[in-house]
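Chemist: need the 3D shape of this:
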Amino acid sequence: MKVFHCTHCAQLLFFENSVCVPCGRALGYLPEEGLLVSLERPAGAEGQNRWRSERTGRTYRLCDNYVKYNVCNWVVREDDPEALCRSCRLTKTIPNLGKAGNDRLWYKLEVAKRRLLYTFDRLGLPYRGRHEDPEHGLQFDFMEEALTGHAEGVITVNIQEADDAHRVKTRIEMQEPYRTLLGHFRHESGHYYWERLISTSPAIGSFRVLFGDERADYQDALKRNYGQGPPPNWQDEYVSSYAAMHPWEDWAETWAHYLHMVDTLETASACGVSIEPPRHDEPTLLEVPNPVGDADVSFEKLISSWATITYVLNNLNRGLGNDDAYPFVLSDTATKKLHFVHTTIAARSTRFAAG
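Modeler: Residues are numbered from 1 along each chain as shown. Next up is the predicted model:
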């Protein structure tokens, strides 16, 4: 994630902010430009959903979900016929807002989705909504009593995953070291991009060499995983125990880990993080590479930087009395799979968004 500042008063902002507290300006995220800008109503627009950005000089409308429900902070250009922003258009099913607490869960789901789309945009990953591709376009359904999963472009997320207490309880029951709402979105997006980038491409052969043959019966693999558990040596080949279930899940878990890595490294780079310990034999990182702003950064540089950053993150978390932020150890085989994801994205990326 980039570092954002109010374009009116220069206050430091977060991606999710909708108001700059010091200057009181409304904020709006411009997905096409990748900017979070301050907004003011132009003369004569009092009471109207018309807002002007000093930064771009253009006029915008707040997303309808911003105005009516305050679950969004993205905007659309004034001449755009759509009432919803580019992110909210992808959501077909929202929680029942007549049920207490569901509005908060919906907000958290949309926040996670917007972070996911931000990463797609930064990596130059193509995606289209259902309105552009009715059969295979990307769509999100946020539902109760539904299994979180993916099918032909439709990502379904059980809204209880946005409830922290429920999610932690499930993580403990499933004996998982890591379970986050954003992690679910990243994992399921891996299935979406497997169909777009791998399934019918020349890369399928290389995929099978590394991840295995995805034509293996999925239901049998599912029963085996929940009946017998992962193989005892899963750490030697996979990023997580769930990845050992089936090649599709191995890809999705590895994909999610790559997105974790990219987003965290971009944040560290944007914040100017450097690690210079007093001892020369401790992890050192003089400059964090920007994984999305530098087309020439090597995977080797990214993965070595990731090892150092996660070491520090875990130590900081322990100092706060929390579990490790990144409770994983990457084997050589798992690292090769991450490299495969890296090269797959680089081959299909439409741009490197600098800045």
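
Chemist: so for stretch 75-82, what gets flagged as buried?
Modeler: By neighbour count on 16 or more other C-beta atoms under 10 Å, the buried set for stretch 75-82 is 75-76. Every residue, glycine included, has its C-beta placed from N, CA and C.

Chemist: and it, end to end?
Modeler: Stretch 75-82 has an end-to-end distance of 11 Å (C-alpha to C-alpha, to the nearest Å).

Chemist: and for it, what's in contact with it?
Modeler: By C-beta atoms under 8 Å, 6 or more residues apart in numbering, the surrounding residues in contact with stretch 75-82 are 28-30, 39, 50-51, 58-63, 66, 83-86, 89.

Chemist: go with 10 Å
Modeler: 26-32, 37, 39, 49-53, 56, 58-64, 66, 83-86, 88-89, 131 (C-beta atoms under 10 Å, 6 or more residues apart in numbering).

Chemist: which helix of this protein spans the most residues?
Modeler: Longest helix in the chain by number of residues, with DSSP state H as the criterion: helix 247-270.

Chemist: for it, what is the distance to the chain centroid?
Modeler: The gap between the average C-alpha position of helix 247-270 and the chain average comes to 8 Å, counting by C-alpha atoms, centre = their mean, to the nearest Å.

Chemist: dump it to CSV, restricted to CA.
Modeler: Listed next in CSV are the C-alpha coordinates belonging to helix 247-270 (Å, rounded to 0.1, in the frame of the first residue of the first chain):
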residue,chain,number,x,y,z
PRO,A,247,-3.0,-28.4,-6.8
TRP,A,248,-5.7,-25.8,-7.1
GLU,A,249,-5.5,-25.0,-3.3
ASP,A,250,-1.7,-25.1,-3.5
TRP,A,251,-1.8,-22.4,-6.2
ALA,A,252,-4.4,-20.3,-4.4
GLU,A,253,-2.5,-20.4,-1.1
THR,A,254,0.7,-19.6,-2.8
TRP,A,255,-1.0,-16.8,-4.8
ALA,A,256,-2.4,-15.3,-1.6
HIS,A,257,1.1,-15.4,0.1
TYR,A,258,2.5,-13.6,-2.9
LEU,A,259,-0.1,-10.9,-2.5
HIS,A,260,0.7,-10.7,1.2
MET,A,261,4.3,-10.2,0.3
VAL,A,262,3.8,-7.6,-2.4
ASP,A,263,1.4,-5.4,-0.3
THR,A,264,3.6,-5.5,2.8
LEU,A,265,6.8,-4.8,0.9
GLU,A,266,5.2,-1.9,-1.0
THR,A,267,4.0,-0.4,2.4
ALA,A,268,7.5,-0.8,3.9
SER,A,269,9.1,0.7,0.8
ALA,A,270,6.6,3.7,0.8
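
Chemist: what average pLDDT does that helix get?
Modeler: Mean pLDDT, helix 247-270: 96.

Chemist: could you pick out the buried ones from the contacts of stretch 75-82?
Modeler: Buried among the contacts of stretch 75-82 (16+ other C-beta under 10 Å): 26-31, 37, 39, 49-53, 59-64, 66, 83-86, 88-89.

Chemist: narrow those residues to those in strands?
Modeler: 26-30, 37, 39, 51-53, 59-62 (DSSP state E).

Chemist: I'd like these written out as JSON lines, with pLDDT and distance to residue 326 added.
Modeler: Below are those laid out as JSON lines (pLDDT from 0 to 100; distance: C-beta to C-beta, whole Å):
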{"residue": "26", "pLDDT": "94", "distance to residue 326": "35"}
{"residue": "27", "pLDDT": "97", "distance to residue 326": "30"}
{"residue": "28", "pLDDT": "96", "distance to residue 326": "32"}
{"residue": "29", "pLDDT": "97", "distance to residue 326": "27"}
{"residue": "30", "pLDDT": "96", "distance to residue 326": "31"}
{"residue": "37", "pLDDT": "96", "distance to residue 326": "32"}
{"residue": "39", "pLDDT": "95", "distance to residue 326": "36"}
{"residue": "51", "pLDDT": "92", "distance to residue 326": "39"}
{"residue": "52", "pLDDT": "92", "distance to residue 326": "42"}
{"residue": "53", "pLDDT": "93", "distance to residue 326": "37"}
{"residue": "59", "pLDDT": "94", "distance to residue 326": "43"}
{"residue": "60", "pLDDT": "95", "distance to residue 326": "37"}
{"residue": "61", "pLDDT": "94", "distance to residue 326": "39"}
{"residue": "62", "pLDDT": "96", "distance to residue 326": "36"}
